[in-house]
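A.B. asks: pasting a predicted model and its sequence here:
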Amino acid sequence: MDFLPINKTDLKARGWDELDVIIVSADAYVDHPAWAAAILGRYLEHYGYRVGIIAQPDWRNLDDIKSLGQPRLFFAISGGNMDSMVNHYTADKKRRREDMYSPGGKTGLRPDRPTIVYSNLVRQAYPGVPVVIGGVEASMRRLAHYDYWGDRVRRSILLDSRADLLVYGMGEHNLLEIARRLKGGQDIAYLRNLRGTCYLSLNMPENALVLPSFEEVERDGKDFARATKMIQEEINPYSARPLVQKHGERWLVQNPPSLPLSSQQLDEIYELSFARRSHPSYEAWGGVPGLRPVQFSIVTHRGCFGGCAFCSLGQHQGKFIQNRSLLSVVNEARSLTVHPDFKGTIPDVGAPSANMYGLKGFDEKLCRQCKRSSCLIPKVCENLDTDHMPSVELWQKLRAIKGIKHCFVSSGVRYDLVLRDTSRRYLRDLCNYHVSGQLKIAPEHVAEKVTRNMHKPGKSEYLRFIQAFKEINQVLDKDQYLIPYFISAHPGCDLQDTLELAEFVRDNLQYYPEQVQNFTPTPMTASTCMYYTGINPYNGKKIYVPSGEKERRWQRALLQYRNKKNQDLVREALQACGREDMIGAGSLCLVKEKRITERKTGNKPVKKR
Ligand code: SF4
């Protein structure tokens with residue numbers, strides 16, 4: 001199938017001399033529904049717009065940005081599937097060696113902060129042409145935010161990019177509406193009433209909730225924490241008010257979030273035709289590595305009501321689950337069976353939390369007024385219908401499709417929700433048919449005060465799930481493992497808490513955790529506020545922050561104490577928290593004593609025999 005045009009030759013082949021919309025993306029062009037540029041481009045194309053893609057333009061001159069000419073309506077600019085600073089740097093601010101969203105995994109094909117860089121390039125190349133920014137980077141930097149990599153509070157990205165409009169969240173409908181209105185002759189400067197957008201103005205709208213200004217949150221951590229709480233409380237699209245935040249003389253206005261899409265609307269998006277391949281121009285590079293794990297994955301829904309403090313998904317995709325219809329998912333699975341690259345395995349059918357498919361409140365009127373950021377914490381809301389049958393029925397249909405040998409669930413599952421299904425039907429079918437030997441879960445921690453700050457379920461639920469998983473697999477006579485993800489150095493977590501988790505790992509897990517990440521303060525999350533201000537925005541209380549490099553390294557090493565490379569760090573950490581008793585050869589010790597490798601007299605190391 002044809003890819004969207006990426007150069008003038010493609011335009012000529014289609015008999016076009018100009019485009020309506022040009023999407024500029026910091027990711028390579030992969031024609032797959034998991035790539036924002038592809039899904040937006042295909043959606044606009046479906047409605048008759050002429051769309052082209054400029055992927056990873058050279059930002060050192062204007063040649064690439066001018067390669068498709070001037071669009072008739074607007075430029076749409078995205079920093080790609082993830083924030084560029086997360087893409088470029090590790091949690092310890094070291095440069096990454098691979099870029100999964102670039103051809104051949106090559107690094108250096110995008111600048112830091114591409115949304116700002118590309119937008120300014122467009123301004124320079126085509127003054128007066130409307131510029132709309134969107135994607136994760138723009139979404140999560142839409143208001144004044146803490147930037148971990150620069151270690152400072154930055155103003156809204158809308159000011160630095162000099163764009164006309166910022167679309168936050170999943171932007172298909174907004175982009176289409178913008179295209180329609182601009183085509184109808186409306187000036188982008190008057191496009192002020194679209195949900196899910198931000199703009200700059202000298203006036204503030206009626207009913208707006210005034211956040212502490214950029215200058216205030218930059219100056220005072222308490223104001224920053226207050227602003228974070230207010231933002232977190234206004235994510236319900238049915239009851240949220242516009243938020244305004246002064247930057248100098250101007251107001252940054254955030255309109256309320258977009259309303260959740262209906263199943264019909266979501267189906268329409270995912271039923272568009274995608275090649276499910278990298279653009280052929282990347283063949284010499286062996287394609288784009290980020291495609292491989294998801295090439296034949298299926299997205300069943302959007303949104304998450306978990307409200308984890310370190311996650312921005314609720315702020316981006318929304319708190320309410322937007323489901324695709326069963327028929328649409330099944331049709332997509334059928335279409336995969338005729339794809340020339342398909343070998344019979346769907347590696348993932350799910351979404352951020354796979355088992356939220358089809359879940360919603362019993363009384364939706366209550367949900368529309370609700371201000372809780374999580375439906376699960378501090379305990380599962382009584383109004384939440386946790387019947388897991390929508391997933392079970394979907395899987396049944398998928399398993400019946402000829403040509404599909406395996407259909408796995410690789411997305412995480414919320415085990416506190418799985419435990420609510422007392423029939424164990426979900427867990428049994430999951431383990432029986434949809435786990436490829438290992439099931440990923442994300443307890444993140446077990447120390448009570450840490451999980452409370454993270455907004456995660458506690459240790460007892462985790463243990464209950466381990467037990468339930470074990471029992472089901474015994475009944476099914478299967479040898480399968482849980483793969484837990486843990487976060488070290490989260491705000492509120494000290495060395496004693498980390499030690500508690502290390503001991504839990506030692507005593508309870510069959511599988512040694514490879515998946516340990518130091519906490520990364522990404523823009524706009526509650527945890528990032530805790531990290532930056534030392535204040536928990538939910539209760540206004542002070543919180544301990546393990547921000548020094550040494551402690552961050554110690555915490556991670558303690559959780560991976562069996563890794564030989566970590567042994568010195570583990571010893572140091574245990575000494576620092578007064579637990580030398582855990583150094584030695586005893587069965588409860590985490591690390592052995594350091595071997596003396598030097599002669600008592602003289603400095604020469606003893607040679608190994
Ligand atoms: S009422 Fe309960 S189920 Fe509905 S949104 Fe609020 S917490 Fe979630």
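C.D. replies: Sure thing, it's come through.
A.B. asks: bridging residues for the residue lying closest to residue 203 once chain neighbours are set aside?
C.D. replies: For residue 203, ignoring the flanking residues on the chain, the nearest one in space by CB to CB, 6 or more residues apart in numbering is residue 251 at 7.0 Å. Bear in mind the C-beta positions are built from the backbone N, C-alpha and C, glycine included. Counting by DSSP bridges, residue 251 forms beta bridges with residue 201, residue 246.
A.B. asks: quick one: residues contacting residue 251.
C.D. replies: By CB atoms under 8 Å, 6 or more residues apart in numbering, residue 251 lies in contact with 200, 201, 202, 203, 204, 244, 245.
A.B. asks: ditto for residue 533
C.D. replies: Contacts for residue 533 were tallied using CB under 8 Å, 6+ apart; they are 221, 222, 224, 225.
A.B. asks: the stretch 201-350 of the chain: strands as residue ranges?
C.D. replies: Counting by DSSP state E, counting those that start in this stretch, the stretch 201-350 of the chain has strands at residues 209-210, 243-247, 250-254, 277-278, 298-299, 301-302, 322-323, 345-346, 349-350.
A.B. asks: off-centre distance for the third one?
C.D. replies: Right, the one you point to is strand 250-254. 25 Å (CA atoms, centre = their mean, to the nearest Å).
A.B. asks: among the strands of the stretch 201-350 of the chain, which comes closest to residue 101?
C.D. replies: strand 277-278 (10.3 Å; CB to CB).
A.B. asks: for the stretch 251-400 of the chain, which segments count as helices?
C.D. replies: In the stretch 251-400 of the chain, the helices defined using DSSP state H, counting those that start in this stretch lie at 263-270, 313-317, 326-336, 364-369, 389-399.
A.B. asks: what's the spacing between the nearest residue to residue 425 once chain neighbours are set aside and residue 322?
C.D. replies: When the adjacent residues along the chain are set aside, residue 425 lies closest to residue 392, with 5.7 Å between them (CB to CB, 6+ apart). From residue 392 across to residue 322, the span is 20 Å (CB to CB, to the nearest Å).
A.B. asks: what helices or strands is the longest helix seen in the chain leaning on?
C.D. replies: Assignment by DSSP state H gives helix 459-476 as the longest helix of the chain. If contacts are counted by 3 or more CB pairs under 8 Å, 6 or more residues apart in numbering; DSSP states H and E, helix 459-476 sits against helix 415-418, helix 425-433, strand 438-444, strand 481-488, helix 495-508.
A.B. asks: nearest to the ligand, of those?
C.D. replies: Among those, helix 415-418 comes nearest to the ligand, with 11.7 Å by CB to the nearest ligand atom.
A.B. asks: mind giving me the packing neighbours of the closest one?
C.D. replies: helix 425-433, helix 459-476.
A.B. asks: follow-up on the earlier one: so which of the helices of the stretch 251-400 of the chain comes closest to the ligand?
C.D. replies: The ligand lies closest, by CB to the nearest ligand atom, to one member of the helices of the stretch 251-400 of the chain: helix 364-369, at 3.3 Å.
A.B. asks: what's next to the closest one, contact-wise?
C.D. replies: 236, 238, 239, 320, 360, 361, 383.
A.B. asks: quick one: residue 136 and residue 85 touch, right?
C.D. replies: No - the pair residue 136 / residue 85 is not scored as a contact, 11.1 Å apart, by CB atoms under 8 Å.
A.B. asks: out of the two, which sits in the busier spot?
C.D. replies: residue 136 (25 against 20; other CB atoms under 10 Å).
A.B. asks: contacting residues around that one?
C.D. replies: 79, 80, 81, 82, 83, 312, 316.
A.B. asks: cutoff 7 Å now
C.D. replies: Contacts for residue 136 (CB atoms under 7 Å, 6 or more residues apart in numbering) come out as 79, 81, 82, 83, 316.
A.B. asks: and residue 54, which helix or strand is it part of?
C.D. replies: Following DSSP states H and E, one finds residue 54 within strand 51-55.
A.B. asks: ok now that strand, how far from the chain's centre?
C.D. replies: How far strand 51-55 lies from its chain's middle: 24 Å, per CA atoms, centre = their mean.
A.B. asks: mind listing the strands that strand pairs with, and their directions?
C.D. replies: strand 21-25 (parallel).
A.B. asks: contacts for the helix or strand following the strand it pairs with?
C.D. replies: The C-terminal neighbour of strand 21-25 among helices and strands, as given by DSSP H and E, is strand 30-31. Under the contact criterion CB under 7 Å, 6+ apart, strand 30-31 has outside partners 3, 38, 274, 275, 276, 277, 278, 279, 288, 291.
A.B. asks: against the ligand, how distant is the nearest residue to the second one once chain neighbours are set aside?
C.D. replies: What it means is residue 38. In space, and not counting its chain neighbours, residue 38 is closest to residue 31: 4.9 Å by CB to CB, 6+ apart. Per CB to the nearest ligand atom, to the nearest Å, residue 31 is found 36 Å from the ligand.
A.B. asks: quick check: residue 31 vs residue 54, distance?
C.D. replies: Computed as CB to CB, the residue 31 to residue 54 distance reads 15 Å.
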